[in-house]
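Asker: quick check, what structure comes out for this input:
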Amino acid sequence: MESLAENISRRQFCQQLIRLLPATALAPWILSCDNPVISEPPEPDIELTGNNTTNIALLKNQFTTLQDLASDASQKYVIEIPSNGSRDYLTLQIIKNRAADYCHLRIKRYTDGEVVNVLWGQDGIFPSIKLTDDRGNTLVKNEHPLEFSFNLINDSESGSIGWLKRGIKILAIALAVWLGAKVVGWIVAAVAFLAFNAMVIGLVIAGVTVLAGLLKWLAELTGWTIEDITELLGRAAEELLAFFDEIVANLV
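Answerer: Numbers count the residues shown, from 1 in each chain. Here you go, the predicted model:
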């Protein structure tokens with residue numbers, strides 16, 4: 001078990017990393033096998049705006065679409081987001097490629113063609129989330145590998161829902177590093193909410209009896225079910241707004 005000082009130091013690193021990112025486009029530290037040729041913007045499945053109440057209403061209606069995404073590797077889910085006074089698009093897909101030997105989340109950003117694979121990891125007794133290129137190499141920023149332990153965050157809620165909320169917060173930290181300061185915290189939180197729920201749905205659909213190794217350990221540790229996701233999505237708008245404020249608080 002890590003000491004309290006080590007845990008605080010790691011969290012401070014994440015916060016410092018986010019704050020130090022430039023407001024302009026990130027340096028090309030993410031490797032991609034895609035040709036970043038800019039074409040016509042994709043048709044979005046959801047459009048996030050600066051109105052948090054409107055965003056919450058949209059997010060609460062996304063379960064079926066996320067379930068379809070997690071069930072079919074050919075499906076793509078496009079999120080339109082405000083970015084540095086303009087609009088950008090993120091394409092989410094649950095695929096299997098060289099990055100991992102299991103189906104996982106891959107995100108592509110429209111404006112520059114950059115991609116990131118979001119993989120499960122393990123940090124001692126805690127799960128982690130790591131960002132990799134298409135070959136499975138963990139991305140590095142300022143000499144620090146971009147792997148984020150669930151131990152960085154505490155959540156007042158216990159059980160499988162507590163693990164779910166904790167994971168969303170961790171993914172938000174990871175995505176804030178990748179997306180950079182040009183995307184505001186609340187939008188990062190909304191993207192993390194959608195993306196992490198899709199990841200968990202994919203894990204649950206696979207079924208714990210057929211999972212092995214890291215994924216089996218993760219499923220048994222968290223106890224995630226489809227009902228957990230529908231329960232979180234079904235909470236009152238005011239409660240979800242408060243949860244999103246908690247997510248953003250970890251990014252500053």
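
Asker: where are the low-confidence patches of the stretch 151-252 of the chain?
Answerer: Residue ranges of the stretch 151-252 of the chain with pLDDT under 70: 252.

Asker: which residues of it fall in helices?
Answerer: Secondary structure of the stretch 151-252 of the chain (DSSP state H, counting those that start in this stretch): helices at 159-179, 185-206, 213-222, 226-233, 237-249.

Asker: buried ones in the second one?
Answerer: If I follow you right, that is helix 185-206. Under the neighbour-count criterion of 16 or more other CB atoms under 10 Å, helix 185-206 has 185-204, 206 buried. Backbone N, C-alpha and C define where each C-beta goes, glycine included.

Asker: the helices of the stretch 151-252 of the chain: which one's closest to Asn55?
Answerer: Closest approach to Asn55 among the helices of the stretch 151-252 of the chain (CB to CB): helix 185-206, 5.4 Å.

Asker: how about that closest one as PDB, C-alpha atoms only?
Answerer: What follows is helix 185-206, C-alpha atoms only, in PDB (Å, rounded to 0.1, in the frame of the first residue of the first chain):
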ATOM      1  CA  GLY A 185     -13.200  20.800 -17.500                       C
ATOM      2  CA  TRP A 186     -16.900  20.300 -17.600                       C
ATOM      3  CA  ILE A 187     -16.700  19.100 -21.200                       C
ATOM      4  CA  VAL A 188     -13.800  16.800 -20.300                       C
ATOM      5  CA  ALA A 189     -16.000  15.400 -17.500                       C
ATOM      6  CA  ALA A 190     -18.900  14.700 -19.900                       C
ATOM      7  CA  VAL A 191     -16.600  12.900 -22.400                       C
ATOM      8  CA  ALA A 192     -15.100  10.800 -19.600                       C
ATOM      9  CA  PHE A 193     -18.600  10.000 -18.300                       C
ATOM     10  CA  LEU A 194     -19.700   8.700 -21.800                       C
ATOM     11  CA  ALA A 195     -16.400   7.000 -22.500                       C
ATOM     12  CA  PHE A 196     -16.000   5.200 -19.200                       C
ATOM     13  CA  ASN A 197     -19.600   3.900 -19.200                       C
ATOM     14  CA  ALA A 198     -19.000   2.500 -22.700                       C
ATOM     15  CA  MET A 199     -15.800   0.800 -21.400                       C
ATOM     16  CA  VAL A 200     -17.700  -0.800 -18.500                       C
ATOM     17  CA  ILE A 201     -20.600  -1.900 -20.600                       C
ATOM     18  CA  GLY A 202     -18.100  -3.600 -22.900                       C
ATOM     19  CA  LEU A 203     -16.600  -5.400 -19.900                       C
ATOM     20  CA  VAL A 204     -19.900  -6.500 -18.500                       C
ATOM     21  CA  ILE A 205     -21.200  -7.700 -21.900                       C
ATOM     22  CA  ALA A 206     -18.100  -9.900 -22.300                       C
END
